[in-house]
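Trainee: After the sequence you'll find the predicted model.
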Amino acid sequence: MEKQVRKQITLYSDGSSLGNPGPGGYGGILEYNGKRKEFSGSNIHTTNNRMELQGVIEGLKLLKVPCDVEVISDSSYVVKAINEWLTGWVRKNFAKVKNVDMWKEYLEAASIHNVKGTWVRGHNGHPENERCDALARDEAERIKATL
């Protein structure tokens with residue numbers, strides 16, 4: 001039987017909240033084979049960490065087949081959770097973990113993929129990270145303006 005070759009996807013993601021909690025937004029870019037797709041969204045009352053994670057979740061949901069996904073984020077919370085903490089959290093049934101609802105949603109969205117996180121320093125001139133930051137901030141400002 002031939003081994004199925006998975007698509008190699010890069011998922012750049014960022015989140016923002018104006019106040020913590022406050023109005024927030026997320027932005028992301030999916031890259032595959034030289035093609036890019038941008039996405040973004042907002043939440044009226046949220047935290048920065050929740051928006052960082054929401055960007056990753058929404059990006060994974062856009063993928064229709066099992067993929068190898070590298071998540072590139074300036075959130076050490078998201079990257080460390082994906083790479084190091086999540087297995088233990090699940091084993092301990094998320095005892096004393098914040099944002100359990102979202103981590104369960106992440107696990108569902110990630111279930112068919114191989115996901116690994118890569119941390120990049122925020123606001124450091126990384127073009128895709130800067131673009132995701134702008135998308136997230138624009139969404140947060142947009143939702144704030146409706147309040």
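Mentor: Yep, that arrived. Numbering: from 1, shown residues only.
Trainee: tell me the mean pLDDT for the longest helix belonging to the chain?
Mentor: Within the chain, and with DSSP state H defining each element, the longest helix by residue count is helix 127-145. In this model, helix 127-145 has a mean pLDDT of 96.
Trainee: Name the residues of it that are buried.
Mentor: Buried residues in helix 127-145, counted by 16 or more other C-beta atoms under 10 Å: 128-133, 135-137, 139-140, 143-144. Glycine gets a C-beta too; all of them are placed from N, C-alpha and C.
Trainee: does the nearest residue to residue 31 once chain neighbours are set aside count as helix, strand or coil?
Mentor: Once flanking residues are discounted, residue 31 sits nearest to residue 10: 4.3 Å by C-beta to C-beta, 6 or more residues apart in numbering. For residue 10, the assignment made with DSSP: H, G, I helix; E, B strand; the rest coil gives strand.
Trainee: mind checking which helix or strand residue 118 is in?
Mentor: Element membership of residue 118, judged by DSSP states H and E, is strand 114-119.
Trainee: Now that strand: buried residues?
Mentor: Going by neighbour count (16+ other C-beta under 10 Å), the buried part of strand 114-119 is 115, 117, 119.
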